[in-house]
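1. have a look; sequence and predicted model below, questions after that.
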Amino acid sequence: MPAVVLLVARFEGSMIVRRAVLLTMCAAAGAGVWISATADESKQSIVRQATLADIAWMEGTWVGDPDASRTRETWGRAANGAMLGMCHENDPARGPTYELILIEEQPEGLVYKIMHFGAGLKARHTEPRVLPVVELTKDRIVFMEKTGDNPARVSYRHEGPDRVVARVEHVKDGKATGFDIPMKRG
């Protein structure tokens, strides 16, 4: 459902204070729940209330578009508060990368946990990277790592029933870099 932003003004002393109020409709246990708060509070509230049902559009197999041989990502149906994903990237320059991804419902919202593996399933790190959800709309979810020397941000944008664009961003040595991975249903 679309979000609606209202501008609310009130008089305080000699000033008019304006505040954007975000009204949005969220699905909660199959029924609609209205949330009304300031934009920052609303964003935090929506993030805390996010469930796997909000990202059901991610389910299924997605392949790189236009190069299906380069990327393949598969997401299972959510069950018991978790959604499991797997990704295989075949980069001729770097070799294969395999990812095991888990999105879990937690009290603070959805959390994206990822492990990276190289050729022969050699782990590239010992613990999963943990990226809590920081933004959610009807067609987009953003997860962001808040610690570490190389913080990451991963987002998925739903562009129709057969198209998703994943975006991966990193900050390294103070420089932000990122790339899009356009995918179609496989």
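-> Sure thing, it's come through.

2. residue 54: what secondary structure?
-> Three-state secondary structure (criterion: DSSP: H, G, I helix; E, B strand; the rest coil) places residue 54 in helix.

3. got the domain ranges for this protein?
-> Structural domains annotated on the chain: 4-49, 52-185, as defined by automatic domain parsing.

4. let me have these in TSV, extended by mean pLDDT and mean neighbour count.
-> C-beta here means a position set from N, CA and C on the backbone, and glycine is covered the same way. TSV is the format used below for the domains of the chain (pLDDT from 0 to 100; neighbours: other CB atoms under 10 Å):
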stretch	mean pLDDT	mean neighbour count
domain 4-49	40	12
domain 52-185	93	15
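
5. doesn't residue 125 belong to a helix?
-> No: Residue 125 is assigned coil when assessed by three-state DSSP, not a helix.

6. roughly how far does it sit from residue 74?
-> Per CB to CB, to the nearest Å, residue 125 is found 22 Å from residue 74.

7. cool, residue 82 as well?
-> Residue 82 sits 15 Å away from residue 74, going by CB to CB.

8. same question, residue 174
-> In terms of CB to CB, residue 174 sits 35 Å off from residue 74.

9. same question, residue 158
-> Going from residue 158 to residue 74 by CB to CB gives 16 Å.

10. with residue 185 instead?
-> Taking CB to CB as the measure, residue 185 falls 11 Å from residue 74.

11. hey, what's in contact with both of these two?
-> Jointly contacting residue 185 and residue 74 under the rule CB atoms under 8 Å, 6 or more residues apart in numbering are 60, 61, 62.

12. so the last one: helix, strand or coil?
-> Looking back up the chat, that one is residue 62. Under three-state DSSP, residue 62 falls in the strand class.

13. so what's it closest to, chain neighbours aside?
-> Spatial nearest neighbour of residue 62, chain neighbours left out: residue 183 (3.8 Å); criterion: CB to CB, 6 or more residues apart in numbering.

14. quick one: secondary structure of the one you found?
-> Under three-state DSSP, residue 183 falls in the strand class.

15. same check, this time on residue 148
-> Put simply, residue 148 is coil when judged by three-state DSSP.

16. so what's it up against?
-> Residues in contact with residue 148 (CB under 8 Å, 6+ apart) are residue 129.

17. from residue 136, how far off is it?
-> 23 Å.

18. look up phi and psi at residue 160.
-> As for residue 160, its main-chain torsions (degrees, to the nearest 10) stand at phi 140, psi 170.

19. check residue 138 too.
-> The phi/psi pair for residue 138 (degrees, to the nearest 10) is phi -60, psi -40.
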